[in-house]
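> Next come a sequence and a model predicted from it.
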Protein chains: 2
Amino acid sequence: MLTERQLEVILSVVHEFIESGEEVGSRTLSKRYLKGRSAATIRNEMADLEEMGYLMQPYTSAGRVPTTRGYRIFVDTMLQRLPHSERGHGWIKHLEAHRDGLRGALSKASEMLSQLSNYVGMAAVTQLEQIHLRKIDFIRVDSAHFLLLVVLEGGIVHHRMITMPCDLSQDILEDLARKINTLAGYEWKEVREALRNYISGELGRYADSCGRALAELDAILAGERTKLYTGSMSNLFDVPDFQDIGKFRALFSILEQESELANLLDQYGMKDGIGVVIGEENAAPGLQNCSMVLSSSSDEGTRTILGVIGPKRMNYERVISVLDRVLRDMGDAEGDE
Amino acid sequence: MLTERQLEVILSVVHEFIESGEEVGSRTLSKRYLKGRSAATIRNEMADLEEMGYLMQPYTSAGRVPTTRGYRIFVDTMLQRLPHSERGHGWIKHLEAHRDGLRGALSKASEMLSQLSNYVGMAAVTQLEQIHLRKIDFIRVDSAHFLLLVVLEGGIVHHRMITMPCDLSQDILEDLARKINTLAGYEWKEVREALRNYISGELGRYADSCGRALAELDAILAGERTKLYTGSMSNLFDVPDFQDIGKFRALFSILEQESELANLLDQYGMKDGIGVVIGEENAAPGLQNCSMVLSSSSDEGTRTILGVIGPKRMNYERVISVLDRVLRDMGDAEGDE
DNA sequence: CTTAGCACTCATTACTTACGAGTGCTAATA
DNA sequence: TATTAGCACTCGTAAGTAATGAGTGCTAAG
């Protein structure tokens, strides 16, 4: 167990290290944080804390640097002290009716998070297992092309152009669409079954074409299960920790691969509220030097995650408050420009 | 005017510099390129060429490096020698009917260009002045929301969620949509005028709401005049010229700002065919160290540009052939996965 | 339990030196 | 007149050396 003073030492080291980026020595602590105690005393504490795994020395006779465990205790303490109002709950409901739809809102939010935090904002929506259609439509574009349009519960819209053999009249497709729309609100898996039967029964003659349309629909719903937005990454250039091109690359490669990052976020879709993932706690191997501050919220079969990714040595306090702020603002700005 | 041998010296310097990345000395040229002549002779030629602005010395008594002018003559010579079949003409028509629409095709193309070239692929569509609607539709999603759907000539699809006061029935909107669709194919400016009159005339009672719908439509058409796709940027990490974080940053910042890059590409929407923009020839200040290989093609009121951006010291030969290859493939793969 | 004092460690910086690729110029050659 | 061999000179890079100083662990005294 940690004594009061040991905790104080850890917090001080983390705080100072986040500010300066340099190894923190006993003298500094004695002068700026634990003013009552001498450097020697603090040295002893630090030696103990190193043994316990909260701090480490990059090399013999350098100052101390926090380990992931050290950061963890720092962040946890901070989160505990946060007023309940700032713990990011249930913001999702504000988003759906946004002018550009859920997607537009998320795209803006991720950008805003980047701007305000000076790291990289992220936003992701993922369809939970049960997908519920709200509305579909086939729109004839010209003789050979239809546009398949899908609106899901939660406000996500997909469209896809499909090339259709001409034997299929608009009427048939309208019929199919009408049928599907009567099934709106049910879970997709059920709907699909019902449609299979309907097609091979009532629409026997057009089974092939309708089957293809159905397959397209299925592909849309299966394919983009989770959609991801990342804000501006230029900020990373100004982060001292990423001046080394190697570390930069690690983070960047992951940010660029939608699928990988989406998985990663999915994995941390924690219960509602704000959470922090630090360094090696991250599953992805390239992210040992990075941390994420995330908030997720679920509603009507979609889970939405907003967050910021940056260096392990990020200013957690600021990022958390920025995230909180953005979550609120999105509620207020509903429907506005 | 350049003598035959002078030209040969320039081409050799460029070629060697692209391969090695190091200043090219007279000895190297004498041994590997102009085998008949001694280093001293070549030294004299090089001194002349430097005066003429084709080569430069980074510092006294280093080898020579090509100037932009040097690269230019190198690239021009190469393009001239290209078989006519490889000059990238009129590929746009293959794209429209692509499975995921024009946009899907471009997104894939830019990714492919990145992969194959080892630099960064780009694709952009821009609406020329006259926009022609092909089809629009209002789709009721629930009591308060409609989805506005727009298909343009050229295969571009936009959708936007609009929140409507409930006084507007589906009927009215359907009426409006029907009216607009009868005007399909005309230029948007004219259509808008016609609609203004129609709305204030026939639909007098609903003028406000319909007016708003019209405004949304206008916003869509005005807003996304040019849409841009960039492929994977990870490749840039392996380019020796960008190991320096400063140069990397310059390029990256531009690639990340859609609007800026789109403008830049617009500017070079040259006549059909393959063209190259080298270093300072670029308007953007951050791109002195970069070159672009571009091919544009126009059809039905849209202009599409495909290309690759990379370091000035890029392997132009390979990039050009890759671009050519991708342009062909897109034609072949029409409608395929 | 705390703290002053001291010897020791080691990254960082600055400075020097040596090396060598490449040049420009001159004078000899074809 | 065009070419080339020879030579002194330049200058970026790498390697080696020394000085600096922040920080430690340990010991012994308060």
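Everything's here; your move. Numbering: from 1, shown residues only, chains lettered A, B, ... in the order given.
> mind showing which ranges of the stretch 101-250 of chain A have poor pLDDT?
For the stretch 101-250 of chain A, the stretches flagged by pLDDT under 70 are A:101, A:128-129, A:154, A:164-169, A:223-224.
> Mind jotting down where the strands sit in it?
Along the stretch 101-250 of chain A, counting by DSSP state E, counting those that start in this stretch, strands occupy A:120-127, A:133-142, A:145-152, A:157-163, A:226-230.
> could I get the ones you listed as a markdown table with distance to chain B?
Where you see a C-beta, it was placed from the backbone N, CA and C, and this is true even at glycine. As requested, the strands of the stretch 101-250 of chain A are exported to a markdown table (distance: least, C-beta to the nearest C-beta, whole Å):
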| stretch | distance to chain B |
| --- | --- |
| strand A:120-127 | 11 |
| strand A:133-142 | 5 |
| strand A:145-152 | 5 |
| strand A:157-163 | 4 |
| strand A:226-230 | 10 |
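> of all those strands, which gets the most neighbours per residue?
Greatest average neighbour count among those goes to strand A:120-127 (a mean of 25), per mean count of other C-beta atoms under 10 Å in any protein chain shown.
> From DNA strand C, how far off is the closest residue to residue A:185 other than its chain neighbours?
Counting by C-beta to C-beta, 6 or more residues apart in numbering or on different chains, residue A:185 lies nearest to residue A:132, which is 5.9 Å off, once chain neighbours are set aside. According to C-beta to the nearest atom of the strand, to the nearest Å, residue A:132 and DNA strand C sit 56 Å apart.
> Equivalent analysis for residue A:38, please.
4 Å.
> With residue A:33 instead?
Taking C-beta to the nearest atom of the strand, one finds residue A:33 at 13 Å from DNA strand C.
> same deal with residue A:253?
Residue A:253 is 26 Å from DNA strand C, by C-beta to the nearest atom of the strand.
> Can you pull the residues of chain A lying near chain B?
A:97-101, A:134-135, A:137, A:139-142, A:144-145, A:147, A:149, A:151, A:155, A:157, A:159-163, A:232-234, A:237, A:243, A:245, A:248-249, A:252-253, A:256, A:335 (C-beta under 8 Å from any C-beta of the partner chain).
> List, one by one, the residues from chain A near DNA strand C.
Residues of chain A lying near DNA strand C by C-beta under 7 Å from any atom of the strand: A:36-41, A:44, A:59-62.
> For those, work out which two are farthest apart.
A:36 and A:59 (29.5 Å; C-beta to C-beta).
> now the residues of chain A next to DNA strand C as a markdown table including distance to residue B:222, pLDDT and secondary structure?
Output for these, formatted as a markdown table (distance: C-beta to C-beta, whole Å; pLDDT from 0 to 100; DSSP: H, G, I helix; E, B strand; the rest coil):
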| residue | distance to residue B:222 | pLDDT | secondary structure |
| --- | --- | --- | --- |
| A:36 | 66 | 86 | coil |
| A:37 | 66 | 91 | coil |
| A:38 | 69 | 92 | coil |
| A:39 | 66 | 94 | helix |
| A:40 | 70 | 95 | helix |
| A:41 | 68 | 96 | helix |
| A:44 | 69 | 96 | helix |
| A:59 | 60 | 89 | coil |
| A:60 | 65 | 88 | coil |
| A:61 | 65 | 87 | coil |
| A:62 | 59 | 91 | coil |
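> Drop anything exposed from those residues.
A:37, A:39, A:41 (16 or more other C-beta atoms under 10 Å in any protein chain shown).
> which residues sit in contact with the second one?
Spelled out, it's residue A:39. A:25-27, A:29-30 (C-beta atoms under 8 Å, 6 or more residues apart in numbering or on different chains).
> Name the nearest residue to whatever residue of chain A ends up closest to DNA strand D, sequence neighbours excluded.
DNA strand D sits closest to residue A:25 of chain A, with a gap of 2.9 Å, by C-beta to the nearest atom of the strand. The spatial neighbour of residue A:25 that comes closest, neighbours along the chain excluded (C-beta to C-beta, 6+ apart), is residue A:63 at 3.9 Å.
> ok, how many other residues are close to the one you found?
By other C-beta atoms under 10 Å in any protein chain shown, 20 other residues sit near residue A:63.
> how near is it to residue A:43?
According to C-beta to C-beta, to the nearest Å, residue A:63 stands 10 Å off from residue A:43.
> same check, this time on residue A:61
Taken as C-beta to C-beta, the span from residue A:61 to residue A:43 is 11 Å.
> list residues touching both of these two?
Between them, residue A:61 and residue A:43 share no contacting residue, judged by C-beta under 8 Å, 6+ apart.
> domain assignment for chain A?
As given by automatic domain parsing, the domain ranges for chain A are A:4-78, A:82-129+A:226-332, A:133-223.
> Could you check how far the first one is from the centre of its chain?
Centroid displacement of domain A:4-78 relative to its chain, using C-alpha atoms, centre = their mean, to the nearest Å, is 31 Å.
> Straight-line length of that domain, end to end?
Its first and final residues considered, domain A:4-78 spans 15 Å by C-alpha to C-alpha, to the nearest Å.
> just the helices in chain A please.
A:4-20, A:26-32, A:39-52, A:68-81, A:92-95, A:101-117, A:170-182, A:188-201, A:207-223, A:245-256, A:258-267, A:316-332 (DSSP state H).
> For chain A, which residues are neighbours of DNA strand D?
Looking at DNA strand D, the residues of chain A close enough under C-beta under 7 Å from any atom of the strand are A:22-28, A:39-40, A:43, A:46-47, A:50, A:57, A:61-64.
> Could you give me the PyMOL syntax to select whichever of the residues you listed are buried?
Buried residues among those (16+ other C-beta under 10 Å), as a PyMOL selection:
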select buried, chain A and resi 23+24+25+26+28+39+43+46+63+64
